[in-house]
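> Show me the folded form of this:
(chains A and B)
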Number of protein chains: 2
Amino acid sequence: MTAPPFLVTPVILSGGAGTRLWPLSRRARPKQLLDLTGGGSMLALTAERVTDPALFAAPTVVAGAEQAEAIERALPGLGTLILEPAARNTAPAIALAALAAGWDDLLLVLPSDHLIADAEGFRTAVRRAAPFAAEGWIVTFGMTAERAETGYGYIARGAALGEGVFAAEGFVEKPDAAAAQAYVAGGRHDWNGGIFLFRAGAMLDALASHAPEILRAAEAAMAGATRDGVRVHPDRAAFAASPAQSIDYAVMEKAATVAVVPVSVGWSDIGSFEALHAVSDQDADGNVVVGPGLAVDAQGCLIRSEGPLVAAIGVEDLVIVATADAVLVVPRRQSQKVKDAVEKLRQEGRDQCL
Amino acid sequence: MTAPPFLVTPVILSGGAGTRLWPLSRRARPKQLLDLTGGGSMLALTAERVTDPALFAAPTVVAGAEQAEAIERALPGLGTLILEPAARNTAPAIALAALAAGWDDLLLVLPSDHLIADAEGFRTAVRRAAPFAAEGWIVTFGMTAERAETGYGYIARGAALGEGVFAAEGFVEKPDAAAAQAYVAGGRHDWNGGIFLFRAGAMLDALASHAPEILRAAEAAMAGATRDGVRVHPDRAAFAASPAQSIDYAVMEKAATVAVVPVSVGWSDIGSFEALHAVSDQDADGNVVVGPGLAVDAQGCLIRSEGPLVAAIGVEDLVIVATADAVLVVPRRQSQKVKDAVEKLRQEGRDQCL
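Coordinates of the predicted model:
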């Protein structure tokens, strides 16, 4: 059993390109490698958040093989880089990281492309969660549900286990609007931000109970893995045999020993241009202009260019994003439709810009 | 006096870059050199409209000196190319062309950047007007006023001079909305499309009476002109001394011998993106997509790209124009504001894209 002071190994999940921020995000330049806030790439910001040497070991990153160079460039202090030979969602990725770690290691799983404004508040919550994780709890961090968002998962708080730590009573993925409103009004539900702290062994036990096929595939993939410096290449065929499931579905919704630590740390998954607009500094007219832009009689717009001069005249609540080879224009409140447009481009075979 | 059959020399005015179609139109690529309709440049379409050898001589073009190569490339059949050493509006340009012609030559002045859908109807009107021009009338072509446009000039029809030919009773430049509505309702007013037919000598007489300074400057500029093939270079200093006035202001509003021939020939000055949208083929949702574009749940949009893929999602009545170095987004009905934005860019010294 791990004892205090706790040392936590960050496990940064850098899979998935994401299409919701197209044309900024591309197959070759996934969202986590973008500088969306002006402070560095989402990946670098994620790693920075967990660099306190009194609390954190060097991070493990689990990523698509094609990202290897970009990640090593972005994170010189990397401990282990596990390169997935195929995308299999988060449960298999976490299984690989848990197998690569020591049985008693505390692992902090972090999506690579989320924003946390209050990094110190987050670390305080990790310190609070650590003794519970050391005892065998799989701890999730519950993000304050700020609005009745239907695109997120929600966690219900159950019995208190300690100061600011609760047994998780249930996970609800993407509720309908009425349920989401009830959750926000009730004050007992938090958003599931996909950040988890646990002992590697506790997660492997939970996988053995609830997702044995995933564990078996990950074990075979790691048994056949090749190593090259910090890089670990799990066996392709063995890993490809794994079911593709999220950790929420495979484990969190089923395991009995899940705890939740509610936090209010300015979390955003920047899952749409609407969300990017919300977390950015706005001018007096509610516009966010990044790159060469001109807003005339414009209000509430996100205008972002990586090159061309963008002139927006007389428009309201619009997202305008220009790169060298693509331009997106969409009402801010419809920005979740971007992924449908990308899907349409793909179906039409017009994927040179994807 | 000119006698039938009449031979008419087209005088195509190709001055002024125009900023209302920015970022398509640029200093180095004025509107008349753009292919806005898919049928060729506005200049080439203008010249094509007046190529019937039974009616038209080789055209004279009056243009800014920096356009010489582009115009010679676009119009191999060019008769005379008068290169203005400075922009002085239309009256001085027309004075140069009238001085370069024979006293009795019939000149048909045409803006280089207007659209006429019914070219044969237009030529019929020119044939109808020719005998009146030969008699000394300065004939304007009155475009059917299709709406209460406040940005145009209007001509009132007076007494009939013949079949479809009237004495002009008055010019009104840019009336207020109430007046424009009255003109359209009254049915006695036409738009002034800036197309004129006259004997060179009649115009020179009118200039002598109503704009003697312009005539004097043009005479001095032509007396000091150098010639080089079809190119005529009027004397810079002499021409620069001319007042800058439109032919409407300098002559049409003052001369007594102005006639109007009403025509309904699908005229448009394509003076805004709204106008370009109106004259273009629209799909079932009212969208016009030219170049690589994707319209999803979009209606009434003009989407035009010279390179980048433009994805427009969930937007209505929007103009989106993308070039390699600039992107414009403006509501269609506010597209007259484009020129203000260009002015703002100029004032801010951001003129690399202008």
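
> center of chain A - which residue?
Nearest to the geometric centre of chain A sits residue A:111, at 2.6 Å (C-alpha atoms, centre = their mean).

> That residue touches residue A:15, doesn't it?
No - the criterion here is C-beta atoms under 8 Å, and residue A:111 misses it with residue A:15 at 9.3 Å. Where C-beta positions appear, they are placed from N, C-alpha and C, glycine not excepted.

> Near chain B, which residues of chain A are found?
Residues of chain A that fall close to chain B, judged by C-beta under 8 Å from any C-beta of the partner chain: A:23, A:292, A:294, A:296-297, A:305, A:307-315, A:318, A:320, A:322-331, A:334, A:337-338, A:340-341, A:344-345, A:350, A:353.

> just checking, which of those residues belong to helices?
A:338, A:340, A:341, A:344, A:345 (DSSP state H).

> okay, these in JSON lines with pLDDT and neighbour count next?
Below are these laid out as JSON lines (pLDDT from 0 to 100; neighbours: other C-beta atoms under 10 Å in any protein chain shown):
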{"residue": "A:338", "pLDDT": "95", "neighbour count": "26"}
{"residue": "A:340", "pLDDT": "88", "neighbour count": "15"}
{"residue": "A:341", "pLDDT": "90", "neighbour count": "22"}
{"residue": "A:344", "pLDDT": "90", "neighbour count": "14"}
{"residue": "A:345", "pLDDT": "91", "neighbour count": "21"}
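
> Closest to chain B out of those?
residue A:341 (5.1 Å; C-beta to the nearest C-beta).

> What's the separation between the closest one and residue A:65?
Going from residue A:341 to residue A:65 by C-beta to C-beta, to the nearest Å gives 28 Å.

> ditto for residue A:330
Taking C-beta to C-beta, one finds residue A:330 at 32 Å from residue A:65.

> who has more neighbours, these two?
In this view residue A:330 and residue A:65 are compared by other C-beta atoms under 10 Å in any protein chain shown, and residue A:330 has more residues nearby, 27 against 15.

> Give the full set of residues in contact with that one.
Residue A:330 makes contact with A:273, A:318, A:319, A:337, A:338, A:341, B:311, B:312, B:313, B:314, B:315 under the criterion C-beta atoms under 8 Å, 6 or more residues apart in numbering or on different chains.

> Tell me which two in those are the farthest apart.
Farthest-apart pair in the contacts of residue A:330 is A:318 and A:341; separation 15.0 Å (C-beta to C-beta).

> what's the domain layout of chain A?
Domain assignment for chain A by automatic domain parsing gives A:8-268, A:276-347.

> can you tell me the distance between the two ends of the last one?
If I follow you right, that is domain A:276-347. Start and end residues of domain A:276-347 are separated by 27 Å (C-alpha to C-alpha, to the nearest Å).

> swap in stretch A:193-212?
End-to-end distance (C-alpha to C-alpha), stretch A:193-212: 25 Å.

> what is the mean pLDDT for it?
Mean pLDDT, stretch A:193-212: 98.

> Tell me the buried residues in that stretch?
Buried residues in stretch A:193-212, counted by 16 or more other C-beta atoms under 10 Å in any protein chain shown: A:193-207, A:210-211.

> now swap in stretch A:69-86 and tell me
Neighbour count says stretch A:69-86 has A:70-71, A:74-75, A:78-86 buried, by 16+ other C-beta under 10 Å.

> Stretch A:36-54 now?
By 16+ other C-beta under 10 Å, the buried positions in stretch A:36-54 come out as A:36, A:37, A:41, A:42, A:43, A:44, A:45, A:46, A:47, A:49, A:50.

> Identify all contacting residues around it.
A:5, A:8, A:10, A:12, A:14, A:21, A:24, A:31-35, A:56, A:59, A:71, A:74-75, A:77, A:108, A:110-116, A:119, A:122-123, A:270, A:276, A:279-280, A:290.

> Repeat that for stretch A:301-309.
Residues contacting stretch A:301-309 (C-beta under 8 Å, 6+ apart): A:24, A:273, A:276-277, A:280, A:286-295, A:310, A:312, A:315-324, A:327, A:332, B:23, B:308, B:322-327, B:345, B:350, B:353.

> Apply the buried test to those and list what passes.
Neighbour-count burial (16+ other C-beta under 10 Å) applied to the contacts of stretch A:301-309 gives A:24, A:273, A:276-277, A:280, A:287-290, A:292-295, A:310, A:312, A:315-323, A:327, A:332, B:23, B:308, B:322-323, B:325-327, B:345, B:353.

> hang on, the earlier thing: farthest pair within the buried residues of stretch A:36-54?
Taking C-beta to C-beta, no two of the buried residues of stretch A:36-54 sit farther apart than A:36 and A:50, at 18.8 Å.

> So which of the buried residues of stretch A:193-212 are in helices?
A:200, A:201, A:202, A:203, A:204, A:205, A:206, A:207, A:210.

> what's the closest of those residues to residue B:247?
residue A:203 (83.5 Å).

> before we move on, which element is the nearest residue to that closest one once chain neighbours are set aside in?
Nearest residue to residue A:203, sequence neighbours excluded (C-beta to C-beta, 6 or more residues apart in numbering or on different chains): residue A:98, at 4.7 Å. When elements are assigned from DSSP states H and E, residue A:98 belongs to helix A:90-100.

> Which elements pack onto that helix?
For helix A:90-100, the elements it packs on are strand A:8-14, strand A:60-64, strand A:80-84, strand A:106-111, helix A:200-210, helix A:212-223, helix A:247, judged by 3 or more C-beta pairs under 8 Å, 6 or more residues apart in numbering or on different chains; DSSP states H and E.

> who does the third one touch, helix- and strand-wise?
Other helices and strands packing on strand A:80-84, by 3+ C-beta pairs under 8 Å, 6+ apart, are strand A:60-64, helix A:68-74, helix A:90-100, strand A:231-233.

> how about a cut-off of 10 Å?
Packing partners of strand A:80-84 (3 or more C-beta pairs under 10 Å, 6 or more residues apart in numbering or on different chains; DSSP states H and E): strand A:8-14, strand A:60-64, helix A:68-74, helix A:90-100, helix A:212-223, strand A:226-228, strand A:231-233, helix A:236-240.
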